[in-house]
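Asker: quick one, structure for this:
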Amino acid sequence: MSSPGERAGRRRDWILPCPHCGSRLIYPRDVGGSGAAVLFDRRCPDCEFRDWVLLHPMAAAVWSRHEDRVRADLAALADALARGEAIEPFDVSAL
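Answerer: Numbering: from 1, shown residues only. Model (predicted):
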């Protein structure tokens, strides 16, 4: 597990791809902290890699809002499928 200091020099998108397998499906499992830093415990569903990242509160808020939108979209998709509605293809790379 790398420390937040080791990650500081990486590109801005270092939060999203899994550092082990590169999957962009990595998601936060638990959030802690407040004030100047927020600690995200994250997990990759593809390779089961788990670690934590220390984020600025603004970055944590953006990531949380993104996760909320993804969950809402998936719930709407599941509801539409359950009702037997036709589903339009969509680009999952945009998630």
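
Asker: what's the neighbour count on Leu74?
Answerer: Close neighbours of Leu74, defined as other C-beta atoms under 10 Å, add up to 11. Yep, even glycine has a C-beta here, placed from its N, CA and C like the rest.

Asker: output stretch 17-32 as CSV, nothing but the C-alphas.
Answerer: This file holds the C-alpha atoms of stretch 17-32, laid out as CSV (Å, rounded to 0.1, in the frame of the first residue of the first chain):
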residue,chain,number,x,y,z
PRO,A,17,-8.1,3.5,-11.7
CYS,A,18,-7.1,0.5,-9.6
PRO,A,19,-3.3,0.7,-9.0
HIS,A,20,-3.1,-3.1,-9.2
CYS,A,21,-5.1,-4.0,-12.3
GLY,A,22,-6.1,-0.6,-13.8
SER,A,23,-9.9,-1.1,-13.6
ARG,A,24,-11.9,2.0,-13.4
LEU,A,25,-14.6,0.3,-11.3
ILE,A,26,-12.8,0.9,-8.0
TYR,A,27,-15.1,2.4,-5.4
PRO,A,28,-15.0,3.8,-1.9
ARG,A,29,-16.1,1.3,0.8
ASP,A,30,-15.9,3.6,3.8
VAL,A,31,-15.2,7.3,4.3
GLY,A,32,-13.7,8.8,7.4
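
Asker: can you point me to the longest helix in this protein?
Answerer: helix 57-82 (DSSP state H).

Asker: buried ones in that one?
Answerer: For helix 57-82, a neighbour-count test (16 or more other C-beta atoms under 10 Å) marks Ala60, Trp63 as buried.

Asker: now swap in stretch 44-57 and tell me
Answerer: In terms of neighbour count (16+ other C-beta under 10 Å), stretch 44-57 has its buried residues at Cys44, Phe49, Trp52, Val53, Leu54, Leu55.
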